[in-house]
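K.L.:
pasted the sequence and its predicted model underneath.
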Amino acid sequence: MPSDETAPHVLVIGGGPAGHSTATAAATYGARVTLVEDQIIGGASHLWDCIPSKAMISSSMRLRAIRTASILGVSEPGPVTIDMARLSAHVTGIAGKLADGIISMLGSQGVEMLNGRARFTGPHSALVVTDDDEIEVTFDFAVIATGSRPRIPDWVSLDGERVITTRDVYHLPELPEEIIIIGSGVTGVEMVHIFSSLGSRVTLLVSRHHVLPHRDAEVAYVLEEDFLARGVQLLKGARAAGIERNGNVVTVSTEDGRSFTGTHVLLAVGSVPNSENLGVDAAGFAMDGGYVVIDEYQQTSVPHIYAGGDITGRLPLSSVATMQGRKIAKHIMGHEVRPLDYRKVSQAIFTEPEIASVGLEEVDAAAEGRKVRITKVPFAANSRALIQGDTVGFVKVVSDPATRIVLGGTVVGHHASELIAPIALATQARITVDGLVETLLVHPSLSEAISEAAE
């Protein structure tokens, strides 16, 4: 480990998963690290997106489980309601505890933390503006990890009360009576799951032919059937064009002339990178559409400046950002680094049923014209699923017909986010379907469907 005098100085701009993982790893390897964050360390993932939404989903699933317990022979305890104030306190409390833990870990590694905004003033310098000071920082290496924020179309006027984004839902004083959700991607469908489970009447505007337009249509249709069973109003081909609020009533108009009313409107139409006021010209690295251009080692066009997380325009997942950060730190400190294979990243959507996938999906193989072997087993044939009363969904395994190596797979159903792990491991390690089939699993278990699908 280099001494303090000879250790490289690494400036990390942004305290989200990519930023704090870079800072922690680089400090562990012996670098001097300065981390700049203008909000709470932890990033959007911990504060507004991944962790808070999953906490709300956990609560909504328990509420729904209680309401449907009679299916398993459990008498209903009576009316069950949600306390939005306590739910909000629970969600924000988790975010706060995670942030405190990250700050403690960074502090134990000797990372200098500055609360402010950083702007490059040259290839090896930056100005950090805090509430009461301006600090000039020189560095040997820099890492840009400024993340992203919800995209707000020009025709939307947010008020944080009735017209909201996903960053406002955790602080609502009461459960929306009737909420219109605009956007049917991952965030949109998770919000449908949350509010329909909690008891809101939900309308979902879908601008394409089905929800999750970039995913396997078979997966989307399973989710749509669940939404319809919940009483969700599913409107396809409805592209929102305007929002008007009149007191406690909000009206959404669409491009084809229709209009829909509710008590709240939630916007979930993607994100945009936080790349403004970075001092790009002074540093000299390349940009593309607001995103920082990187190579396979996360380096920008200026080799000593790196970028990770949502700002890179790659897969906007916390797990990806964390891994990018670790690899950046290794590369900076001269360790051997294997480039991240984005095709082998596990992804999950925390709806009910859950949806998880890894590697090559059926829709990808079809688009590429690639010959693959696809095998599928429904959970309706799984003993554990029948015991639990959760038989919706399936396991699908994609393999190479010549080598029998597992190329990927999809799980739709209860605990899909956990069940995808063995398929992810098989994909990463290039295990054959025979290896999955010959693995002796617990009986009865949901995981048995994986070996059965492989067979």
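P.N.:
Done, it's in. What you see is a predicted model, and the numbers here were worked out from it, not measured in a lab.

K.L.:
for residue 347, give me its contacts.
P.N.:
The contact partners of residue 347, taken as CB atoms under 8 Å, 6 or more residues apart in numbering, are 315, 317, 356, 357, 358. Yep, even glycine has a C-beta here, placed from its N, CA and C like the rest.

K.L.:
which strand residues bridge residue 291?
P.N.:
Under DSSP bridges, the beta-bridge partners of residue 291 are residue 288.

K.L.:
count of residues packed around it?
P.N.:
Close neighbours of residue 291, defined as other CB atoms under 10 Å, add up to 18.

K.L.:
quick check: it touching residue 308?
P.N.:
No - at 11.9 Å, residue 291 does not count as touching residue 308 under the criterion of CB atoms under 8 Å.

K.L.:
hey, where'd the strands end up in the stretch 251-400 of the chain?
P.N.:
Assigned by DSSP state E, counting those that start in this stretch, the strands in the stretch 251-400 of the chain fall at 259-262, 264-267, 271-273, 287-288, 291-292, 305-307, 347-349, 354-359, 373-378, 394-399.

K.L.:
hmm, back to that, in the contacts of residue 347, find the pair that's most separated.
P.N.:
Across those, the longest distance by CB to CB is 14.2 Å; it joins 315 and 356.

K.L.:
which of these two has more neighbours?
P.N.:
Higher neighbour count among residue 315 and residue 356: residue 356, with 26 against 15, using other CB under 10 Å.

K.L.:
what about the more buried one, distance to residue 347?
P.N.:
According to CB to CB, to the nearest Å, residue 356 and residue 347 sit 7 Å apart.

K.L.:
kindly report the same for residue 53.
P.N.:
For residue 53, the distance to residue 347 - CB to CB - is 15 Å.

K.L.:
then residue 139?
P.N.:
Residue 139 sits 34 Å away from residue 347 when distances are taken as CB to CB.

K.L.:
and for residue 95?
P.N.:
22 Å.

K.L.:
what is the burial count for the closest residue to residue 426 other than its chain neighbours?
P.N.:
In this structure, residue 426 finds its nearest non-sequential neighbour in residue 406, 4.1 Å apart by CB to CB, 6 or more residues apart in numbering. Residue 406 has 30 neighbours, counted by other CB under 10 Å.

K.L.:
residue 443 too?
P.N.:
9.

K.L.:
my read: it touches residue 383, true?
P.N.:
Yes - counting by CB under 8 Å, residue 443 touches residue 383, with 7.4 Å between them.

K.L.:
picking that back up, residue 89 is nearest to which of the strands of the stretch 251-400 of the chain?
P.N.:
Going by CB to CB, the one of those nearest residue 89 is strand 264-267, 20.4 Å.

K.L.:
neighbouring contacts of that closest one?
P.N.:
150, 152-153, 156, 158, 162-166, 169, 172, 176, 178-183, 191, 195, 243, 250, 252.

K.L.:
one more pass at 6 Å, please.
P.N.:
162-165, 176, 179-182, 191, 243, 250, 252 (CB atoms under 6 Å, 6 or more residues apart in numbering).

K.L.:
and what of stretch 437-448?
P.N.:
Residues from elsewhere that reach stretch 437-448 (CB under 6 Å, 6+ apart): 383, 384, 419, 451, 454, 455.

K.L.:
doesn't the fourth one belong to a helix?
P.N.:
Yes - the assignment for residue 451 by DSSP: H, G, I helix; E, B strand; the rest coil puts it in a helix.

K.L.:
so it is in contact with residue 436, correct?
P.N.:
Yes - with contact defined as CB atoms under 6 Å, residue 451 counts as touching residue 436 (5.2 Å).

K.L.:
what's near enough to touch residue 182?
P.N.:
Contacts for residue 182 (CB under 6 Å, 6+ apart) come out as 205, 240, 267.

K.L.:
which one of those is nearest residue 134?
P.N.:
Checking those one by one against residue 134 (CB to CB), the nearest turns out to be residue 267, at 35.3 Å.

K.L.:
how about the secondary structure of the residue nearest to residue 426?
P.N.:
What three-state DSSP gives for residue 406 is strand.

K.L.:
which residues touch it?
P.N.:
399, 426, 427, 431.

K.L.:
kindly state the pLDDT recorded for the second one?
P.N.:
Meaning residue 426. Predicted confidence (pLDDT) at residue 426: the value is 96.

K.L.:
now it: which helix or strand?
P.N.:
Assigned by DSSP states H and E, residue 426 belongs to helix 416-429.

K.L.:
tell me what that helix is packed against?
P.N.:
Counting contacts by 3 or more CB pairs under 6 Å, 6 or more residues apart in numbering; DSSP states H and E, helix 416-429 is packed against strand 354-359, strand 406-413.

K.L.:
tell me the most buried of those strands?
P.N.:
When these are scored by mean count of other CB atoms under 10 Å, the highest mean neighbour count falls to strand 406-413 (a mean of 28).

K.L.:
sketch out the low-pLDDT regions of the protein for me.
P.N.:
Residue ranges of the chain with pLDDT under 70: 1-5, 76-78.

K.L.:
now do 50
P.N.:
1-3 (pLDDT under 50).

K.L.:
so which residue is dead centre in it?
P.N.:
residue 317 (4.5 Å; CA atoms, centre = their mean).

K.L.:
now do the phi/psi pair for that one.
P.N.:
phi -120, psi 140 (degrees, to the nearest 10).

K.L.:
ok, now residue 206?
P.N.:
Dihedral angles (degrees, to the nearest 10) for residue 206: phi -110, psi 110.

K.L.:
for it, name its beta-bridge partners.
P.N.:
Bridge pairing for residue 206 - DSSP bridges - gives residue 236.

K.L.:
that one touches residue 236, doesn't it?
P.N.:
Yes - applying CB under 6 Å as the test, residue 206 and residue 236 come out as touching, 4.7 Å apart.

K.L.:
same drill for the two, tell me which one is more crowded.
P.N.:
Taking neighbours as other CB under 10 Å, residue 206 and residue 236 compare with residue 206 leading, 23 against 14.

K.L.:
which residues touch residue 311?
P.N.:
Applying CB under 6 Å, 6+ apart, we find residue 311 in contact with 144, 146, 273, 292.

K.L.:
okay, and the beta partners of the closest residue to residue 266 other than its chain neighbours?
P.N.:
Nearest non-adjacent residue to residue 266, counting by CB to CB, 6+ apart: residue 181, 4.8 Å away. Beta-bridge partners recorded for residue 181 (DSSP bridges): residue 204, residue 266.

K.L.:
how about the helices in the stretch 151-300 of the chain?
P.N.:
186-198, 217-230, 280-283 (DSSP state H, counting those that start in this stretch).
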